[in-house]
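[1] Here is my input; please provide its structure:
(chains A and B)
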There are 2 protein chains.
Amino acid sequence: MGKQYLMTAGPTPVPERVQLAIAQPVLYHRSPAFLEVMREVHENLRWIFQTSQSVLVLAGSGTAAMEAAITNFHSRGDRVLCLRGGRFGDRWSQMCRAFQLEVVDVESEWGRAIDVDAVAEALDRHPDIRAVYATASESSTGVAHPVREIAALCRDRETLCVVDAVSALGAFDVPQDDWGIDVLVAGSQKALMCPPGLAFVGVSQKAWRFNERAGLPRFYLDLARERKNQEKSETAWTPAISLVVGLREALRMLKEEGLERVFARHRRLAEATRQACRAIGCELFAVDSPSPAVTAVKVPVGIDGSAMVKHLRARYGITIAGGQEHLKGKIFRVAHLGYYDTFDILTAISGIEMTLSDLGHSFERGAGVRAASELLRSGA
Amino acid sequence: MGKQYLMTAGPTPVPERVQLAIAQPVLYHRSPAFLEVMREVHENLRWIFQTSQSVLVLAGSGTAAMEAAITNFHSRGDRVLCLRGGRFGDRWSQMCRAFQLEVVDVESEWGRAIDVDAVAEALDRHPDIRAVYATASESSTGVAHPVREIAALCRDRETLCVVDAVSALGAFDVPQDDWGIDVLVAGSQKALMCPPGLAFVGVSQKAWRFNERAGLPRFYLDLARERKNQEKSETAWTPAISLVVGLREALRMLKEEGLERVFARHRRLAEATRQACRAIGCELFAVDSPSPAVTAVKVPVGIDGSAMVKHLRARYGITIAGGQEHLKGKIFRVAHLGYYDTFDILTAISGIEMTLSDLGHSFERGAGVRAASELLRSGA
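    Numbering: from 1, shown residues only, chains lettered A, B, ... in the order given. All right, here's what the predicted structure looks like:
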């Protein structure tokens, strides 16, 4: 039969309602029907970004929006601060270097949150830092970084706070306006419950001021051009029409559930996953500030993490992610991001228990499922 | 009831088989199942590009692939030649300027093909031209430009021939290797019968040599990085998974039909559309070399083209495109690009006849449908 379960931190499962919306006949992107879709999507993106400013819709993956968050706000040689504590923090740093910016790095050990004092110190040491590039949820390590505190440090300086919230937006609270985040970057294939192919950038007034002086060349990802088109509910280039129609449906579902309840669901599922993993003798990889989006777990001693991920997929049809870079084979990562509920988590934990048993890990069988069930049962 | 008919030169209608493929549950992009999808897509893209070289798959619209065709092959200040005879030719020129290249333009009047002698002359006048940017099918005017002859001029020079084939690839013959096109750019939402959101770039060995010395900054659209990932059937960034699965199905359909028959179908439908328009007293906009992808037609004297397009959509549910820029209100454009057959063309022509009657154009009613039917009936 081969029933499949997708449990990675992107792509995430797409709800049936969204799949059906995506499968509808394609609309012409300049037709009144599609302009109305776009208008609703823009409005609901502002809702989920918690901003009164424009949120721009790009055809591309999250990396496209990250690039837009660099090239639209700087000139060659500008000094920026990149906060690195995992693969996506590293990507900010690589990208800023690729566009010939002067990069200062603040690093945290993988599995630990960025030290806010170290950020403050770097900003004091280099008063010409024009932007701080941060990651809200670092998918490679399962850590949520202290974005609120980082944004607060930028507020009274001529420094933008730019946040990669690709796997955070819609999973936990990252209110753009309230926290003073100048550029907030997100993607469709995480908590927004759509297939990959759309990326979003929320831009503050302060960031638009930087945009006016930004000399880096850009065209496809020119946000000022997007903003001008957005006023007519259009996009600068042909949008990924079907995915936008799917996104409209996904945003409607999130609004029906309500932001607070969406966040509470993610918190509960994350907590259940963590307790279940501890109950079967697996240590969490995130030392502090574990992310509500994805849980990274150390593979038990004597087990090969890559073999574990492969076994879980080949034998039980459950796809989770392994570790990346130097963590290859050493951790596994279970997502609880997007269209997940109680029984998805129990499925994941059950499959992990079976796999660890098959591979010879010794633990109290059923303890993981019991721990998660206790926390997730009604009234708990 | 409101049945809708999409007849624009992008997006184009998506076949039911492709819609259903897109609506399937999302695969993890590093899973064996998806890597196999990618392997097949890469193979069949090489087939439809008629090349033995890599064809790279990007998440983005056609403009993203156009940008990649600039930033991956040049350094700031390189001299390039842009061939302009419509909105998409103009876009090459704007983009090359945005990336600080030295642009020489050769223009043709909108509605006319680029003059090959003028291209040769410009190349002789500026021996340091590093690339010629051309458009195979100019959607804004319905003209097919002489890409084969233009490519031949570049072959023995240190000059790349770069062709925007976004609305040409799969509609008529643009064999990359045979004609010596160095960089061929295409998109998913035209003859490839998918929704927008994927873009493709085919790259010759000569172009890869240029790539090694190309200094323009790039990251999201870095083709060398894509090529390295493609060797493992992966992409550098999260691909637009659902659209890629849809594309696999669309490419299978095209292979089942066969390239020669696909091209013959487009030629027949284009010829039928042109004869039908002439039969109802409408003059073609393309003076020479009309494109097999889209027919641009002058609006009869006394009729407002924008009102005509609006009436056709609001009253009859048929969406065609009007004119752009200075042609707004002056032409209408009927596509026959992608998933179109005999009765789609008869539908379009019937709707246009009804609309022109409603708006007071005087012509022999039924003459358009009769002309198209005569040409399209079996055995004709």
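[2] okay, the spatially most central residue of chain A: pLDDT?
    In chain A, the residue lying closest to the centroid (CA atoms, centre = their mean) is residue A:167, at 1.1 Å. Residue A:167 is assigned 97 on the pLDDT scale.
[3] who's in contact with it?
    Neighbouring residues of residue A:167 by CB atoms under 8 Å, 6 or more residues apart in numbering or on different chains: A:9-10, A:136-137, A:139, A:187, A:190-191, A:291, A:293-294, A:337. The way it works is simple: take the backbone N, C-alpha and C, and place the C-beta from them, glycine included.
[4] Could you pull up phi and psi at the closest residue to residue A:254 other than its chain neighbours?
    Nearest non-adjacent residue to residue A:254, counting by CB to CB, 6 or more residues apart in numbering or on different chains: residue A:262, 5.8 Å away. For residue A:262, the backbone dihedrals (degrees, to the nearest 10) come out as phi -60, psi -50.
[5] And residue A:262, how far from residue A:22?
    21 Å (CB to CB, to the nearest Å).
[6] Have a look at these two and say which one is more surrounded.
    residue A:22 (26 against 20; other CB atoms under 10 Å in any protein chain shown).
[7] And the more buried one, its phi and psi?
    Torsion angles, degrees, to the nearest 10, at residue A:22: phi -70, psi -30.
[8] State the three-state secondary structure for the residue nearest to the centre of chain A.
    On the three-state scheme (DSSP: H, G, I helix; E, B strand; the rest coil), residue A:167 is labelled coil.
[9] Pretty sure residue A:230 sits against residue A:42.
    Yes - counting by CB atoms under 8 Å, residue A:230 touches residue A:42, with 6.5 Å between them.
[10] near chain B, which residues of the stretch 201-350 of chain A show up?
    Residues of the stretch 201-350 of chain A lying close to chain B (CB under 8 Å from any CB of the partner chain) are A:216-221, A:236-243, A:313, A:319, A:321.
[11] repeat that with 6 Å
    Residues of the stretch 201-350 of chain A lying close to chain B by CB under 6 Å from any CB of the partner chain are A:217, A:219-220, A:237-238, A:240-242, A:319.
[12] so which of those residues comes closest to residue B:298?
    Nearest to residue B:298, judged by CB to CB, of these is residue A:238 at 25.5 Å.
[13] Tell me the residue of the stretch 1-150 of chain A that sits nearest chain B?
    residue A:23 (3.6 Å; CB to the nearest CB).
[14] Just list the residues touching that residue, thanks.
    B:19, B:23 (CB atoms under 6 Å, 6 or more residues apart in numbering or on different chains).
[15] what's the pLDDT at it?
    On the pLDDT scale, residue A:23 is placed at 96.
[16] can you check residue A:379 too?
    The predicted local confidence for residue A:379 is 67.
[17] got it, and residue A:124?
    98.
[18] Please enumerate residues in contact with the helix or strand that contains it?
    Assigned by DSSP states H and E, residue A:124 belongs to helix A:116-125. For helix A:116-125, the surrounding residues in contact (CB under 6 Å, 6+ apart) are A:81, A:104, A:106, A:129, A:146, A:149-150, A:153.
[19] Output the next helix or strand after it as PDB, nothing but the C-alphas.
    Reading on from helix A:116-125 to the C-terminus, the next helix or strand found by DSSP H and E is strand A:129-135. Written as PDB, here are the backbone C-alpha positions of strand A:129-135 (Å, rounded to 0.1, in the frame of the first residue of the first chain):
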ATOM      1  CA  ILE A 129      26.800  48.200  10.800                       C
ATOM      2  CA  ARG A 130      23.900  48.800   8.400                       C
ATOM      3  CA  ALA A 131      21.900  45.600   9.100                       C
ATOM      4  CA  VAL A 132      21.800  42.600  11.400                       C
ATOM      5  CA  TYR A 133      20.800  39.300   9.700                       C
ATOM      6  CA  ALA A 134      19.200  36.800  12.100                       C
ATOM      7  CA  THR A 135      17.300  33.500  11.900                       C
END
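[20] Quickly run through the sheet partners of strand A:129-135, with directions.
    Strand pairing for strand A:129-135, using DSSP bridges, gives strand A:79-84 (parallel), strand A:160-164 (parallel).
[21] which one is residue A:194 nearest to, not counting chain neighbours?
    residue A:188 (3.9 Å).
[22] can you check residue A:358 too?
    Residue nearest to residue A:358 in three dimensions, not counting chain neighbours: residue A:311, with 6.3 Å by CB to CB, 6+ apart.
[23] Please look at that neighbour and residue A:354 and confirm they touch.
    No - using CB atoms under 6 Å, residue A:311 is not in contact with residue A:354, being 9.1 Å away.
[24] quick one, which of these two is more surrounded?
    residue A:311 (19 against 16).
[25] average pLDDT for whatever helix or strand the more buried one lives in?
    Applying DSSP H and E as the criterion places residue A:311 in helix A:305-316. Mean per-residue pLDDT for helix A:305-316: 97.
[26] Mind exporting the C-alpha coordinates of that helix to PDB?
    The C-alpha trace of helix A:305-316 is given here as PDB (Å, rounded to 0.1, in the frame of the first residue of the first chain):
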ATOM      1  CA  GLY A 305      21.500   8.400  12.100                       C
ATOM      2  CA  SER A 306      21.400   8.100   8.300                       C
ATOM      3  CA  ALA A 307      20.500   4.500   8.500                       C
ATOM      4  CA  MET A 308      17.700   5.400  11.000                       C
ATOM      5  CA  VAL A 309      16.200   8.000   8.700                       C
ATOM      6  CA  LYS A 310      16.400   5.600   5.800                       C
ATOM      7  CA  HIS A 311      14.800   2.700   7.700                       C
ATOM      8  CA  LEU A 312      12.000   4.900   8.900                       C
ATOM      9  CA  ARG A 313      11.200   5.900   5.400                       C
ATOM     10  CA  ALA A 314      11.800   2.600   3.600                       C
ATOM     11  CA  ARG A 315      10.100   0.400   6.200                       C
ATOM     12  CA  TYR A 316       7.400   2.600   7.700                       C
END
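[27] and it, what does it pack onto?
    strand A:321-322, helix A:342-358 (3 or more CB pairs under 6 Å, 6 or more residues apart in numbering or on different chains; DSSP states H and E).
[28] Show me where chain A has its strands.
    Under the criterion DSSP state E, strands of chain A are mapped to A:5-6, A:55-59, A:79-84, A:102-107, A:129-135, A:137-138, A:143-144, A:160-164, A:183-187, A:198-203, A:294-298, A:318-319, A:321-322, A:331-335.
[29] Just say which of those is most tucked in.
    Counting by mean count of other CB atoms under 10 Å in any protein chain shown, strand A:137-138 has the highest mean neighbour count of those, with a mean of 32.
[30] Tell me the strands beside that strand, with direction?
    Sheet pairing for strand A:137-138, using DSSP bridges, gives strand A:143-144 (antiparallel).
[31] How is chain A divided into domains?
    A:16-256, A:258-376 (automatic domain parsing).
[32] how about those domains, which one is nearest residue B:100?
    domain A:16-256 (6.0 Å).
[33] How far does that closest one stretch from one end to the other?
    16 Å (CA to CA, to the nearest Å).
[34] re earlier: any idea of the angle the helix holding residue A:124 forms with strand A:129-135?
    If you take axes from the mean of the first three to the mean of the last three CA atoms, to 10 degrees, helix A:116-125 sits at 160 degrees to strand A:129-135.
[35] How many neighbouring residues does residue A:208 have?
    A count of nearby residues for residue A:208, using other CB under 10 Å, gives 17.
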